[in-house]
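Enquirer: Sequence and predicted structure are below.
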Amino acid sequence: MRPVIPYVTAALLFGLGVYGVLRRRNAVLVLMAVELMLNAVNLILITADTTATSMFPHGGQVFALFVIVLAAAEIGVGLAIVLQLYRMRASVAVDEVPLTEETPATAPVPAGTLAAGTAPTGPAPAGTDREGAR
Amino acid sequence: MTGVDVLLLALGAVAVGAGALVVGTSHLVRAGLYLVVCLGALAGIYLVLTAELVAWVQVLIYVGAVVVLLLFAVMLTRAPIGASDDLDRPGWPAALIGGGSGLGLALLLVDAFRWSTVDLPEAGTAERLGDQIFRSWVLPFEVLSVLLLSALVGAIVLSRPDIGRPAGRDATAGGDGTGGGAAGGGPAAPDDRTRTGTGR
């Protein structure tokens, strides 16, 4: 087995992931590119498990399992953030996220009208609250 | 070049090609499906490298759960179905940095390993990996379980707008159904007026 083949594959996948994170505007596609980078790291770990013998046999594969768990946690929180962003802004373009915006004093309240007035505590006031607390 | 090398080359070519399509295609849903191909090819590489358990976990968690979650997110954010031309930023710096890091790492690894050969180790079955995890890596395992729990709680708090509100507002709003405000305000909230109101 030539270990240089999976190593080079992993390096190219990591480069593709970096390119995707920097290039894409859609937040879901950015998350997909992050998954590519995490998988490249996993491939490095598993290939290193075959080339480097340590005092812990199969240590690389154990670490790859840990990275998979971390990726699952990351994708859960990341998608929660993306959906909350879409709920507040109706857009998931990452270069349109205002990072320094003050809380608008006359915030539109879309949910109060959409919920037919039954629930005055829609997500829009909550969103402005969260911004104010930041 | 043995059969293992040929398999690794073929699966690696499939993985890299599908990865390039993931970051290059202009169809959102197709990007998710190409990601399935890429992760499946990687699972094949893991199998060739005798990491059986990791390969099956990869299929189960990544292809089964993560990609499905991503496709759910694509649909919940009302992504356009056909090709859309506003997915990308103008990207020569991205190509420069991504290509530079990828090719630089590849050169580094080629220089380190040249064309040497190693013998494949014994297969990483569930028994051997479980022995290692619960003998040598118990503490990281427990820390990871705590991390999963906190990620779960964090995702719930993020997606529930009525958690973390100041107490006074809760008292005024508590009359007419806090649960209704949380559930009803969810998917119906995006409105064009929020888009114009942000003033971008």
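Expert: Great, that's in hand.
Enquirer: Please count neighbours and contacts with C-alpha atoms only from this point.
Expert: Noted.
Enquirer: how's chain B carved up into domains?
Expert: Listed domain ranges for chain B are B:1-82+B:92-124, B:125-164 (source: automatic domain parsing).
Enquirer: Need those domains in a markdown table (columns: mean pLDDT).
Expert: What follows is the domains of chain B, written out as a markdown table (pLDDT from 0 to 100):
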| stretch | mean pLDDT |
| --- | --- |
| domain B:1-82+B:92-124 | 91 |
| domain B:125-164 | 90 |
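Enquirer: okay, the ones you listed, which one's buried deepest?
Expert: domain B:1-82+B:92-124 (a mean of 18; mean count of other C-alpha atoms under 10 Å in any protein chain shown).
Enquirer: Straight-line length of that one, end to end?
Expert: In domain B:1-82+B:92-124, first residue to last residue: 24 Å (C-alpha to C-alpha, to the nearest Å).
Enquirer: ok so, going back, okay if I get the domains of chain B as a markdown table plus distance to A:Gly20?
Expert: Shown next, in a markdown table, are these (distance: least, C-alpha to C-alpha, whole Å):
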| stretch | distance to A:Gly20 |
| --- | --- |
| domain B:1-82+B:92-124 | 5 |
| domain B:125-164 | 25 |
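Enquirer: Tell me which residue in chain A sits closest to chain B.
Expert: Proximity of chain A to chain B (C-alpha to the nearest C-alpha) peaks at A:Gly15, 3.7 Å away.
Enquirer: pretty sure that residue is touching B:Gly104, no?
Expert: No. If you go by C-alpha atoms under 8 Å, A:Gly15 and B:Gly104 don't touch, sitting 9.0 Å apart.
Enquirer: Does B:Arg89 touch A:Val30 like I think?
Expert: No. Contact between B:Arg89 and A:Val30 fails when scored by C-alpha under 8 Å: they sit 11.9 Å apart.
Enquirer: centre of the chain versus stretch A:33-53, how much separation?
Expert: Stretch A:33-53 sits 19 Å away from the centroid of its parent chain (C-alpha atoms, centre = their mean, to the nearest Å).
Enquirer: right, is it up against chain B?
Expert: Yes. Residues of stretch A:33-53 contacting chain B under C-alpha under 8 Å from any C-alpha of the partner chain: A:33, A:36, A:39, A:43, A:46-47, A:50-51.
Enquirer: Contacts made by that stretch with the rest, please.
Expert: Here stretch A:33-53 makes contact (C-alpha atoms under 8 Å, 6 or more residues apart in numbering or on different chains) with A:3, A:6-7, A:9-11, A:13-18, A:20-21, A:57-61, A:63-64, A:67, A:71, B:19, B:22-23, B:39, B:42, B:46, B:49, B:51, B:118-121.
Enquirer: rewinding a little: and the residues of stretch A:33-53 next to chain B, which is the shakiest by pLDDT?
Expert: Within the residues of stretch A:33-53 next to chain B, A:Thr51 has the lowest pLDDT, namely 86.
Enquirer: Output the host helix or strand of B:Gly130 as PDB, nothing but the C-alphas.
Expert: Per DSSP states H and E, B:Gly130 falls inside helix B:126-135. Provided in PDB are the C-alpha atoms of helix B:126-135 (Å, rounded to 0.1, in the frame of the first residue of the first chain):
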ATOM      1  CA  ALA B 126     -15.500  -3.000  16.400                       C
ATOM      2  CA  GLU B 127     -14.000  -5.300  19.000                       C
ATOM      3  CA  ARG B 128     -10.500  -3.900  18.700                       C
ATOM      4  CA  LEU B 129     -11.700  -0.300  18.500                       C
ATOM      5  CA  GLY B 130     -14.000  -0.700  21.400                       C
ATOM      6  CA  ASP B 131     -11.200  -2.200  23.400                       C
ATOM      7  CA  GLN B 132      -9.000   0.900  22.700                       C
ATOM      8  CA  ILE B 133     -11.800   3.400  23.300                       C
ATOM      9  CA  PHE B 134     -12.800   2.000  26.600                       C
ATOM     10  CA  ARG B 135      -9.300   1.200  27.800                       C
END
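Enquirer: does it come close to chain A?
Expert: Yes. Interface with chain A: helix B:126-135 contributes B:128-129, B:132-133 (C-alpha under 8 Å from any C-alpha).
Enquirer: Okay, now the unreliable bits of chain A?
Expert: Residues of chain A that meet the criterion pLDDT under 70 lie in A:54, A:101-134.
Enquirer: buried stuff in the lengthiest helix in it?
Expert: What stands out as the longest helix in chain A, according to DSSP state H, is helix A:59-89. Across helix A:59-89, burial judged by 16 or more other C-alpha atoms under 10 Å in any protein chain shown covers A:59-89.
Enquirer: ok, now how distant is the closest residue to chain A within chain B from A:Val28?
Expert: Closest residue of chain B to chain A, C-alpha to the nearest C-alpha: B:Gly102 (3.7 Å). B:Gly102 sits 22 Å away from A:Val28, going by C-alpha to C-alpha.
Enquirer: Could you identify the most distant pair in the residues of stretch A:33-53 next to chain B?
Expert: Comparing all pairs in the residues of stretch A:33-53 next to chain B by C-alpha to C-alpha, the longest separation belongs to A:Ala33 and A:Thr51, at 27.4 Å.
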